[in-house]
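Visitor: dropping a prediction and its sequence here:
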Amino acid sequence: MTSPKVADGAEAEPLLGWSNSGEAPKETCWQKTKRVTTSLARAAWNNGFICLNASMMVNSTLWLATKRLAILEVPVFQPLFVRGVIGFLIMLILSKSLRWGQTFGNPKVMGWILARTAFATMSIICVYVAVYLLPIGDSSALKQLATIFIAFMAWGLGWESINTLVILGAVACTIGAVLVSHPPFLFEGHQDWSTARMVGIIVSLFAAVGQAVSSLIVGKVGRETSTLSWMIWFDLAGVVTSIGPLLFKFPDAPVLDLNLGVWLLLIYHGLASLIGQSLLTRGFQLCNATQGSAIQTTIVIYCYVLGYFVLGEPLSWFALGGTVFVIGGILAVAEGKRRGRMQAAPPADAGNQEPLHAAPPADPGNQEPFQAAPPADAENQEA
């Protein structure tokens, strides 16, 4: 390459920021840190395994924060209200900044959107009540039963088949739920057995049912509406359903004279919910349902560890044994459903076979934010 012509005595200007000696310009420490951090973040965001594991870690700290608020006697609807306000405002700003026209979803499926919002809101309220009444490990283990409810509901609707592995997984989960609950008829019952614990177990099961119905609706609607729209409605419903109980002081009056630490905990609670849900949605866009179901069970382990070491919650052999049965049962159900789908799929021409789980290409110009909705058996962790 010839050097550019310049006036006598003047130096040629470096081409494209490179020096005339051919060396790349030196990065400052800040530029290098920013470049490496951006690359790592992008790589993590495009890895489903990392996104799902990070979601479970974040969500376990969310359960921990919720339990801490219960210990501080903050009414159960107050963190739900703060969470909804933070999530709704951030999602609304994001929607407007991205200029997404259908902020509140596709009107053609509005009935399904409202139905999913109702069941998801019922589920999250039950989750909060359960966390307030039970150790966070027990409540998270019982909520995992949503996988079983999804499998049998989908079978009842004729959407999926059931095989021996799914039935064995359901039996294992049932045994695990009984062990975790540790009712009075089982070796004299849990040491803290009371009406509050019984209510906590019941609402945990309702939370799992609500989550199952919610996930099935999302799977049915699919890409006819964006995940951003699901989240906006969910957060808005959390705000609306919390206003009445807070105004009428049910079950307790809201606590406003909180110190800075508690307010920061409430804000973290709202942000962690949004981050955890976003990571979960992204993870299920990149992983198949079987992998996702397996990774989701790790939240139970995280919750038991945090409950024991941070909150000092008791940990019994019944809880540990029940957790093993629940996790094993969920893995068996996920594998059974995977085999069932493979058997039901029509044989494809080997020469034109497409890779499993390949998503149809999207038009980049019309790609909506958070477009891909999780499949029907992608149990959305919404707490």
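Guide: Arrived safely, thanks for sending. The shown structure was predicted, so the numbers you read here are calculated from the model rather than taken from an experiment. Numbering: from 1, shown residues only.

Visitor: where does pLDDT dip in the stretch 1-150 of the chain?
Guide: Scanning the stretch 1-150 of the chain for pLDDT under 70 picks out 1-25.

Visitor: quick one, what contacts the residue nearest to residue 333 when sequence neighbours are not counted?
Guide: Leaving aside its chain neighbours, residue 333 sits nearest to residue 169 (3.7 Å; criterion: C-beta to C-beta, 6 or more residues apart in numbering). From N, CA and C alone the C-beta is placed, and that goes for glycine too. Applying C-beta atoms under 8 Å, 6 or more residues apart in numbering to residue 169 gives the contacts 148, 151, 328-334, 336.

Visitor: in the stretch 201-350 of the chain, which spans are helices?
Guide: Taking DSSP state H, counting those that start in this stretch as the test, the helices found in the stretch 201-350 of the chain are 227-247, 260-286, 289-296, 298-309, 317-344.

Visitor: with just CA atoms, put the first one into CSV.
Guide: Read it as helix 227-247. Taking C-alpha atoms only, helix 227-247 is exported to CSV below (Å, rounded to 0.1, in the frame of the first residue of the first chain):
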residue,chain,number,x,y,z
THR,A,227,-43.7,-12.2,26.2
LEU,A,228,-43.4,-8.5,27.0
SER,A,229,-47.2,-8.3,26.9
TRP,A,230,-47.6,-11.3,29.2
MET,A,231,-45.3,-9.6,31.7
ILE,A,232,-47.0,-6.2,31.5
TRP,A,233,-50.4,-7.7,32.2
PHE,A,234,-49.0,-9.9,35.0
ASP,A,235,-47.4,-6.9,36.8
LEU,A,236,-50.4,-4.7,36.3
ALA,A,237,-52.6,-7.5,37.8
GLY,A,238,-50.3,-7.7,40.8
VAL,A,239,-50.8,-4.0,41.4
VAL,A,240,-54.6,-4.0,41.0
THR,A,241,-55.1,-7.1,43.2
SER,A,242,-52.9,-5.6,46.0
ILE,A,243,-54.7,-2.3,46.3
GLY,A,244,-57.9,-3.6,47.9
PRO,A,245,-56.3,-5.7,50.6
LEU,A,246,-53.8,-2.9,51.5
LEU,A,247,-56.6,-0.2,51.7
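
Visitor: and that helix, how far from the chain's centre?
Guide: Distance of helix 227-247 from its chain centroid, counting by C-alpha atoms, centre = their mean, to the nearest Å, is 17 Å.

Visitor: and that helix, which residues are buried?
Guide: 227-239, 241-242, 245-246 (16 or more other C-beta atoms under 10 Å).

Visitor: now do that helix and helix 260-286, the angle between them.
Guide: With axes from the mean of the first three to the mean of the last three C-alpha atoms, to 10 degrees applied, the angle from helix 227-247 to helix 260-286 works out at 150 degrees.

Visitor: related to what we said a few turns ago, out of the helices of the stretch 201-350 of the chain, which gets nearest to residue 109?
Guide: Closest to residue 109 of the helices of the stretch 201-350 of the chain is helix 227-247 (C-beta to C-beta; 9.7 Å).

Visitor: mind giving me the packing neighbours of the closest one?
Guide: On a contact count with 3 or more C-beta pairs under 8 Å, 6 or more residues apart in numbering; DSSP states H and E, helix 227-247 meets helix 77-97, helix 110-133, helix 260-286.

Visitor: off-centre distance for the last one?
Guide: Relative to its parent chain, helix 260-286 has a centroid offset of 9 Å by C-alpha atoms, centre = their mean.

Visitor: then the second one?
Guide: Between the centre of helix 110-133 and the centre of its chain there are 14 Å (C-alpha atoms, centre = their mean).

Visitor: quick one, which of the helices and strands packed on helix 227-247 is nearest to residue 143?
Guide: Of these, nearest to residue 143 by C-beta to C-beta is helix 110-133, at 6.5 Å.

Visitor: which residues are contacting the next helix or strand after the closest one?
Guide: Later in the chain than helix 110-133, the nearest helix or strand by DSSP states H and E is helix 136-143. Helix 136-143 is contacted from outside by 60, 63-64, 66-67, 127, 130-131, 133-134, 176-177, 180-181, 200-201, 204-205, 207-208, 211, 299-300, 303-304, 306-308, 311, 313, 315, 319, 322-323, 326, 383, using C-beta under 8 Å, 6+ apart.
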